[in-house]
Structures are given as structure tokens and as C-alpha cells.
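*Asks:* sequence unknown, structure follows:
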């Protein structure tokens, strides 16, 4: 099935100009309206400012789309949770039924790879959930990282996850995790997790070289670029961890599970931190978009 490209994205790709994929779950499920639309628009502007073309990805009336119009982004923002949250598993359903779908990291990666877009900026990726030894709750993002040839620029895994186990799983699956100007795996809201990254790159050109080398070797799958939140916007791990722990306990009490966990936790943490976590989230997404655009420019060159 072909991915429908917006005129801007189609023109850029035909000319060999750099393009950066963006997800739509952050619009429909990551934030409330109108902050979600304002953030999505600002992130696209960051990508353009740094020399690339943004391609926000979603499913609209059963069609896979890369590059949304302002009206489509507004629709996703206003409809919010009414729009289905779509991982790779859900794509046949939403396409077959002609529905709208907000794509997760995994689904965005798959559609970006189908469209030939090699760079994708998100906020934080999924991973192994805390307590996965009992629940077996592991994000489909990790499986997709072994399949789609896309560089994923992320502020580490979401801080609500089990970060050591997430890194262990990525090592087992042979997915490179590259610290961008850091030797430590970032923890979403926090620059520091206490966990080392296995490799480091200090420029967009170095990352582009790793991407080329991996895929030229016939090694299928993603390159993870772990890009820390800007220092001015971070919430220290010692401060945010008790908030996360309390939010996790609340999900257990309320019986919340599966794909409903992450949006609930993010909303609960934002409420407890009086919006500070939301501002940190917005800052790290913009920072990832900047770095992704720089990497896309270097890779296209």
C-alpha cells in the first residue's frame, strides 16, 4: 500500500531534500487542546528552520499519510482521544475500516520506512514497562526497531519505563543506541539516568555515517539517537521519580493497562507537577526536532 505524501513532502523527496517524520499520537493523545496543536505546529517550524521538511504521519480515512495540512493537525488536536491510537498491530483495522488513526512511535516508524523517510523525531520512545516480569508489558516500539530502517531521535525512553531492561532488550535485538553528545542514556525529563550508552556521536555528520554504515552492511532496523533534554528545561531524576512512582501506583489501583497507561501517566504527572512536566515535554520534542533536521540534512548530503 502506498503512503500518500503531501505536495511539500513529495516535492522534497523527489528533489532529494531532507525530510523528518513526526508522529501524530503526541497530537491526539499526548497533550490537551490547544497545546497539542500549538506544539505540533511549532515542531514543524523547528524542522523547517533547520533545513528540512516536516512530514507528520497519520492515518486519515484509512489512508496512510506523510505530511498533514494545518486543518488535519487541527482536527487531530480537537478530536483528541476520540481518534484511535494506532500501533503497527492496529494498522490493518484502521485502514480496512477507513478510520482515522494517530500513529505511535512504532506505526510512525513503519510508515516512514514505507515512504522512504529515514529520520524520525519523537519525544520519548517506548520500552520495557516496570513490572514487565509479571505483566509482559513491552512496547511494540522495540519490536519495530528491529524492522524499520529509520533513525529515531528521542530523549531516551519515557521515564515511566524500566530503563535498564529497555537497554538490555535493545542490545539483545542488535539496535544501536547512540548518545548524542552524551555518554549517558537520558531519562526523558532528566538528562541523567546513571546508565551508560554503548556508543556516542558528537555531530549530525557522525550520526549520518552510522546510519549509512548500518544499512550498507545489510543490518535491518533502527538507529536510536538518544538526545538529552536541554539543561534549562530538565526536571532532575530525584525530583520526578517519586511523582512517577505515585502515578504508577494509581494506575494499579484503577486497573489501567495496555496502551492507556502512558497517556494516563503523562496526564497525572503533569497535574502533580503543575504543568512543569508538560513544558519539559514540549522543550525536549522541539530539541529532538532540531537535531533530527540537522541529521536529515547531513544524511541527504
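*Replies:* Arrived safely. Remember, it's a predicted structure, so these values are computed and weren't measured experimentally. Numbering: from 1, shown residues only.

*Asks:* just how off-centre is stretch 64-84 within its chain?
*Replies:* Stretch 64-84 sits 17 Å away from the centroid of its parent chain (CA atoms, centre = their mean, to the nearest Å).

*Asks:* Show the average pLDDT along that stretch.
*Replies:* Average pLDDT, stretch 64-84: 96.

*Asks:* Ok, stretch 277-285 next?
*Replies:* In the prediction, stretch 277-285 has an average pLDDT of 93.

*Asks:* Going by neighbour count, list what's buried in it.
*Replies:* 277, 278, 280, 281, 282, 283, 284, 285 (16 or more other CB atoms under 10 Å). Every C-beta, even on glycine, is put in place using the N, C-alpha and C of the backbone.

*Asks:* Which ones among the residues you listed map onto helices?
*Replies:* Using DSSP state H, 277, 278, 280, 281, 282, 283, 284, 285 are the members of the buried residues of stretch 277-285 that sit in helices.

*Asks:* can you redo those as a markdown table with distance to residue 196?
*Replies:* Output for these, formatted as a markdown table (distance: CB to CB, whole Å):
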| residue | distance to residue 196 |
| --- | --- |
| 277 | 25 |
| 278 | 29 |
| 280 | 23 |
| 281 | 25 |
| 282 | 28 |
| 283 | 24 |
| 284 | 20 |
| 285 | 25 |
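
*Asks:* Nearest to residue 123 among those?
*Replies:* residue 285 (4.6 Å; CB to CB).

*Asks:* Let me know whether that closest one touches residue 41 as I believe.
*Replies:* No: Residue 285 lies out of contact with residue 41 (CB atoms under 8 Å); the separation is 12.0 Å.

*Asks:* Residues in contact with the helix or strand hosting residue 92: which ones?
*Replies:* If you go by DSSP states H and E, residue 92 is part of helix 91-97. With contacts defined as CB atoms under 8 Å, 6 or more residues apart in numbering, helix 91-97 is touched by 1, 59, 62, 63, 64, 84, 86, 99, 100, 101, 107, 110.

*Asks:* so who does residue 29 touch?
*Replies:* 80, 81, 85, 102, 263.

*Asks:* Show me the residues you listed that map onto helices.
*Replies:* residue 263.

*Asks:* PyMOL command for the buried members of the contacts of residue 29?
*Replies:* Restricted to buried positions by 16+ other CB under 10 Å, the PyMOL selection for the contacts of residue 29 reads:
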select buried, resi 80+85+102+263
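
*Asks:* ok, back up a step: helices - which of the contacts of helix 91-97 land there?
*Replies:* Those of those lying in helices (DSSP H): 107, 110.

*Asks:* And the buried ones among the contacts of helix 91-97, selectable in PyMOL?
*Replies:* Selection of buried members from the contacts of helix 91-97 for PyMOL, criterion 16+ other CB under 10 Å:
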select buried, resi 59+64+84+86+99+100+101+107+110
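
*Asks:* Export the contacts of helix 91-97 as CSV, with columns for distance to residue 189.
*Replies:* Below are those laid out as CSV (distance: CB to CB, whole Å):
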residue, distance to residue 189
1, 37
59, 29
62, 36
63, 35
64, 32
84, 27
86, 26
99, 33
100, 30
101, 28
107, 24
110, 27
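
*Asks:* which stretches of the protein form strands?
*Replies:* Using DSSP state E, the strands of the chain run over residues 4-5, 19-22, 53-60, 63-66, 84-86, 101-103, 119-121, 151-154, 177-180, 199-201, 223-226.

*Asks:* Show me what the last one packs onto, helices and strands only.
*Replies:* The elements that strand 223-226 packs onto, with contact taken as 3 or more CB pairs under 8 Å, 6 or more residues apart in numbering; DSSP states H and E, are strand 151-154, strand 177-180, helix 204-216, helix 276-300.

*Asks:* Let me know which of the ones you listed is tucked in deepest.
*Replies:* strand 151-154 (a mean of 28; mean count of other CB atoms under 10 Å).

*Asks:* neighbouring strands for that strand, and are they parallel or not?
*Replies:* strand 119-121 (parallel), strand 223-226 (parallel) (DSSP bridges).
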